[in-house]
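1. take a look and give me a structure for this.
(chains A and B)
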Amino acid sequence: MNKILKIIKREFLTKVFTRGFLIATVLGPIFIIAIMLAPAYFMTVTGKQPLTIGVVDYAQIVQEQLAAAFNDTLKNGTLRLNFAPLSTEDYTHQPDKYKAQVDEGALNAILIIPANVLDSARVTYIGKTVSDLDLMQRLKTGITGILNNERLRRAGLDPVRVKELTGSVKINSMKIEKGEAKARGFDEEYLSALVFLFILYMTIIVYGSSIMRSVIEEKTSRIVEVLLSSTNSFQLMMGKLLGVGAVGLVQYIIWAAMAGAAILAATSSMPGISDAVQFSPSILLYFILFFVIGYFTFSTLYTAVGAMCSDMQDAQTLSTPVTLFIVLPFMISFTVIRDPTTDLAQILSFLPFFTPLIMFVRILIVQPPAWEILTSVLINLLTIVIIIWLAARIYRVGILMYGKRPTLPEMIKWIRYK
Amino acid sequence: MVDADFKIILYSAMINTNTDMTSLIVDNVSKSFNSFQAVDRISFSIENNRLFGLLGPNGAGKTTTMRMIMNIIVPDSGTIKILGQLFHEKLKNRIGYLPEERGLYPKMKLLAHLQFLGEMKSMSSAVAKKTASEWLERFELESWADKRIHSLSKGMQQKVQFIGAIIHSPDLLIVDEPFSGLDPINTKFLKDILLAMKKQGKAILLSTHLMDQAEKLCDGICLIDKGRVVVQGDIADIKKKYSRNSILLEYHGDAEFIKKLPYVQSLNDYGNYMEIRLQDQADPRQLFGALAESGLPVKKFEISETSLNEIFIDLVGGDGK
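-> A predicted model of the protein is given here:
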């Protein structure tokens, strides 16, 4: 155990006190935010024009509250969304007339609220384009808020009182006010999620490939057999994983502190901006937690790959499947950001390899129940134990093997060696 | 490399051996990789105060045997006892190991690196650092203490590697081909440390494929080939037992005719140096006469003890002629 600590210490000290670490820690998030900000800003500036939406409200609950719910304005101060009430009777008899109006552009869209909306929780949106996911999301949350308030009222509860008493409802109200807070109109919820996601994704890959490189370096510099005369391969592997992991953790803690300080500074200098800030401190803790999970899942795999290879070219080929398992969740997470409530998102968020990104996105955007988070974490911890066990067996044989990298049957044999 | 002082030291050390403690017992150990039998029922033992050579050509199973002693590879069968105990992790603190392919972390600083290697043998940080400094001083490397390993010359790195293996003053030292790639100065440096350690009562196992080196340095040897023990025991006993009627000849020119002499059993021709083995009953003077008659320019004619190399070739049926 003492020797693991020595290995951790060496790994940590040789990696933390480097210029590379300093630069990555300080400039990394700035760089990522800059990359994210440019297209997001570009996208939102050009994309938003005032819209007129015809509302057919069979339920007679939603329509009169829409204006209050969607009071965000454009740069010039006009309302972004204008709701025109349409007669339910006319619409029932001549739906085509209104659809034609949409087609001609007199209306941008028609929103149909069925009579049983409180139970079905479904509304219909008919528009020329339905691809404005931001608008869809806005409508969804706005109408959900209205319906929720109505349900509360019907249950004999005062929505205002409930809002005061429950945190999540309070966040909903912030969301509605968000339009005012950010007059420039870009979607900070989406943006901050993307920034977190990018950092998570990048660091998992960077730390994973760095640990892989370091395993190969130890092989090629032939230090590994010297070390094995003092310790065993498991301690060596764990020391490396934990040591490099500690470096990552320190980096994350610095970033979390930076983010916290930035929020603090922003809110104290510009009151009101706190509404625009989408994450609470607990998000920062999740951020660290899912980095740790992702780190151990992938870095352990990268360690095994490194142990199997004798040079970086080999390693690049062999690490592709591992990298794929991090790229895939990253790709999927973009759709999850837009709608984290799909079955796919929910299932994937429990799957090892997917959890670190997908569950994190879900937490960022819709707070899933605590048991779901806990279950996914437990599943992943179990997976990590299994991966470590497998990797340790590959590592043990691999670090002393040079030359040709093993075939799959050979690898299985390695795992089964006593 | 023949060193008169060295032999005196060697023999005096042998006389001083007065303990019967066995530092290493390798008992009937086997290991195969897939269908390849790397080590086949090898047994030998080393008392402390002894320098023991594990000899054999490349691929004989020397490195595999050493790795099994270090428990880096687990034997298929047989037992290994180190310092009287079966392997357990803590024993590593009492063993020094210098593998054939040895490395260092190129980006670490010299002193910090040695300190780390000491710490890995469970030395406290302070003691490891102090010991590392002492060694650096002894080998005039102290001005390099804060330099990174990659800025050191190859020769310096070899010294550092060796210091790393003995920094914790191990009771059993295992060195795999310690002299390969060393220049004469570092060879002497290493040899001196090995002998000094032996004098301190440590047991040393070294492997080499260079027979003449082992012959000069080791007290006992175990000669292996293709994973099997060919011969083992004290060098003196082995040489006595397998001694042949041998001549060392240094010459210039064409000595082909010697091969055809009827009383020459075999020879090993190096071009201008030749090891000739006569048939058991032959008289060396016969050869001397033949050489004089031939007019071959002879620089040296020596009736010699059979070298370990010759014994080895005899025993494994190598290409002696």
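
2. show me where chain B has strands.
-> Using DSSP state E, the strands found in chain B span residues B:22-33, B:36-47, B:51-55, B:77-82, B:85-86, B:95-98, B:172-176, B:203-208, B:220-225, B:228-234, B:246-251, B:264-269, B:273-278, B:298-304.

3. can you lay out those strands as TSV showing mean neighbour count and mean pLDDT?
-> For every residue, glycine as well, the C-beta is placed using N, CA and C. As requested, the strands of chain B are exported to TSV (neighbours: other Cβ atoms under 10 Å in any protein chain shown; pLDDT from 0 to 100):
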stretch	mean neighbour count	mean pLDDT
strand B:22-33	18	90
strand B:36-47	18	91
strand B:51-55	27	93
strand B:77-82	16	92
strand B:85-86	10	90
strand B:95-98	25	93
strand B:172-176	24	93
strand B:203-208	26	92
strand B:220-225	24	91
strand B:228-234	17	89
strand B:246-251	19	86
strand B:264-269	18	86
strand B:273-278	20	86
strand B:298-304	13	85
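
4. okay, the longest strand anywhere in chain A in PDB with CA atoms only?
-> Secondary structure of chain A per DSSP E: the longest strand is strand A:51-57. Only the C-alpha atoms of strand A:51-57 are listed here, as PDB (Å, rounded to 0.1, in the frame of the first residue of the first chain):
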ATOM      1  CA  LEU A  51     -43.300  34.900 -34.700                       C
ATOM      2  CA  THR A  52     -47.000  34.900 -34.700                       C
ATOM      3  CA  ILE A  53     -48.600  31.800 -33.500                       C
ATOM      4  CA  GLY A  54     -52.300  31.000 -33.800                       C
ATOM      5  CA  VAL A  55     -53.600  29.300 -30.700                       C
ATOM      6  CA  VAL A  56     -56.600  27.000 -30.800                       C
ATOM      7  CA  ASP A  57     -57.400  26.300 -27.100                       C
END
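
5. I'd like the next helix or strand past it.
-> helix A:63-69 (DSSP states H and E).

6. okay, that following helix in CSV with CA atoms only?
-> C-alpha atoms of helix A:63-69 as CSV (Å, rounded to 0.1, in the frame of the first residue of the first chain):
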residue,chain,number,x,y,z
GLN,A,63,-54.3,30.6,-24.2
GLU,A,64,-54.8,33.6,-21.9
GLN,A,65,-51.7,32.8,-20.0
LEU,A,66,-49.4,32.4,-23.0
ALA,A,67,-48.6,36.1,-23.4
ALA,A,68,-47.5,36.2,-19.8
ALA,A,69,-45.5,33.1,-20.1
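
7. list the buried residues in it.
-> By neighbour count with 16 or more other Cβ atoms under 10 Å in any protein chain shown, helix A:63-69 contains the buried residues A:Q63, A:Q65, A:L66, A:A69.

8. surely the first one and A:F83 touch.
-> Yes: in this structure, A:Q63 sits in contact with A:F83. The criterion is Cβ atoms under 8 Å, and the distance is 7.0 Å.

9. shared neighbours of these two, anything?
-> The contact sets of A:Q63 and A:F83 overlap at A:V55 (Cβ atoms under 8 Å, 6 or more residues apart in numbering or on different chains).

10. just for the stretch 101-250 of chain B, where's the confidence low?
-> Within the stretch 101-250 of chain B, the stretches with pLDDT under 70 are B:244.

11. list the strands paired with the longest strand of chain A, with their directions.
-> Its sheet considered, strand A:51-57 pairs with strand A:81-85 (parallel), strand A:109-113 (parallel) by DSSP bridges.

12. re the thing from before, need the strands of chain B in CSV with distance to A:P352, can you?
-> Output for the strands of chain B, formatted as CSV (distance: least, Cβ to Cβ, whole Å):
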stretch, distance to A:P352
strand B:22-33, 34
strand B:36-47, 38
strand B:51-55, 47
strand B:77-82, 39
strand B:85-86, 39
strand B:95-98, 38
strand B:172-176, 42
strand B:203-208, 45
strand B:220-225, 48
strand B:228-234, 49
strand B:246-251, 70
strand B:264-269, 64
strand B:273-278, 67
strand B:298-304, 70
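
13. backbone phi and psi for B:D183, please?
-> Per-residue torsions, B:D183: phi -80, psi 170 (degrees, to the nearest 10).

14. who's in contact with it?
-> Counting by Cβ under 8 Å, 6+ apart, B:D183 makes contact with B:G155.

15. again, only using 10 Å
-> B:D183 makes contact with B:K154, B:G155, B:Q158, B:F189 under the criterion Cβ atoms under 10 Å, 6 or more residues apart in numbering or on different chains.

16. what is the nearest of these to B:N49?
-> B:F189 (21.6 Å; Cβ to Cβ).

17. B:L195 is in contact with that closest one, correct?
-> No: B:F189 is beyond contact range of B:L195, at 11.3 Å (criterion: Cβ atoms under 10 Å).

18. residues near residue 159, how many?
-> No chain in the question, so chain A it is. 17 (other Cβ atoms under 10 Å in any protein chain shown).

19. wrong one, I was asking about chain B
-> Using other Cβ under 10 Å, B:K159 has 22 other residues around it.

20. one more: A:G260?
-> The number of residues packed near A:G260 is 12, by other Cβ under 10 Å.

21. any idea of the mean pLDDT for stretch A:204-224?
-> Stretch A:204-224 shows a mean pLDDT of 91.

22. pull the CA atoms of it into PDB?
-> C-alpha atoms of stretch A:204-224 as PDB (Å, rounded to 0.1, in the frame of the first residue of the first chain):
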ATOM      1  CA  ILE A 204     -11.500  12.100 -20.400                       C
ATOM      2  CA  ILE A 205      -9.800  11.700 -23.800                       C
ATOM      3  CA  VAL A 206      -6.700  13.700 -22.900                       C
ATOM      4  CA  TYR A 207      -6.100  12.000 -19.600                       C
ATOM      5  CA  GLY A 208      -6.800   8.600 -21.100                       C
ATOM      6  CA  SER A 209      -4.400   9.000 -24.000                       C
ATOM      7  CA  SER A 210      -1.800  10.600 -21.700                       C
ATOM      8  CA  ILE A 211      -1.900   7.600 -19.400                       C
ATOM      9  CA  MET A 212      -1.700   5.300 -22.400                       C
ATOM     10  CA  ARG A 213       1.400   7.200 -23.600                       C
ATOM     11  CA  SER A 214       2.900   7.000 -20.200                       C
ATOM     12  CA  VAL A 215       2.400   3.200 -20.000                       C
ATOM     13  CA  ILE A 216       4.100   2.800 -23.400                       C
ATOM     14  CA  GLU A 217       6.900   5.100 -22.400                       C
ATOM     15  CA  GLU A 218       7.500   3.000 -19.300                       C
ATOM     16  CA  LYS A 219       7.700   0.000 -21.600                       C
ATOM     17  CA  THR A 220      10.000   1.500 -24.100                       C
ATOM     18  CA  SER A 221      12.300   3.100 -21.600                       C
ATOM     19  CA  ARG A 222      12.300  -0.400 -19.900                       C
ATOM     20  CA  ILE A 223      11.800   1.100 -16.500                       C
ATOM     21  CA  VAL A 224       8.900  -1.200 -15.900                       C
END
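
23. buried ones in it, by neighbour count?
-> A:204-205, A:207-212, A:214-224.

24. circling back to that earlier point, okay, the strands of chain B in JSON lines with distance to chain A next?
-> Converted to JSON lines, the strands of chain B look like this (distance: least, Cβ to the nearest Cβ, whole Å):
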{"stretch": "strand B:22-33", "distance to chain A": "10"}
{"stretch": "strand B:36-47", "distance to chain A": "13"}
{"stretch": "strand B:51-55", "distance to chain A": "16"}
{"stretch": "strand B:77-82", "distance to chain A": "12"}
{"stretch": "strand B:85-86", "distance to chain A": "15"}
{"stretch": "strand B:95-98", "distance to chain A": "3"}
{"stretch": "strand B:172-176", "distance to chain A": "8"}
{"stretch": "strand B:203-208", "distance to chain A": "13"}
{"stretch": "strand B:220-225", "distance to chain A": "20"}
{"stretch": "strand B:228-234", "distance to chain A": "23"}
{"stretch": "strand B:246-251", "distance to chain A": "38"}
{"stretch": "strand B:264-269", "distance to chain A": "33"}
{"stretch": "strand B:273-278", "distance to chain A": "35"}
{"stretch": "strand B:298-304", "distance to chain A": "39"}
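
25. just tell me which of these ends up closest to A:I288.
-> Proximity to A:I288 (Cβ to Cβ) singles out strand B:95-98 among these, at 39.8 Å.
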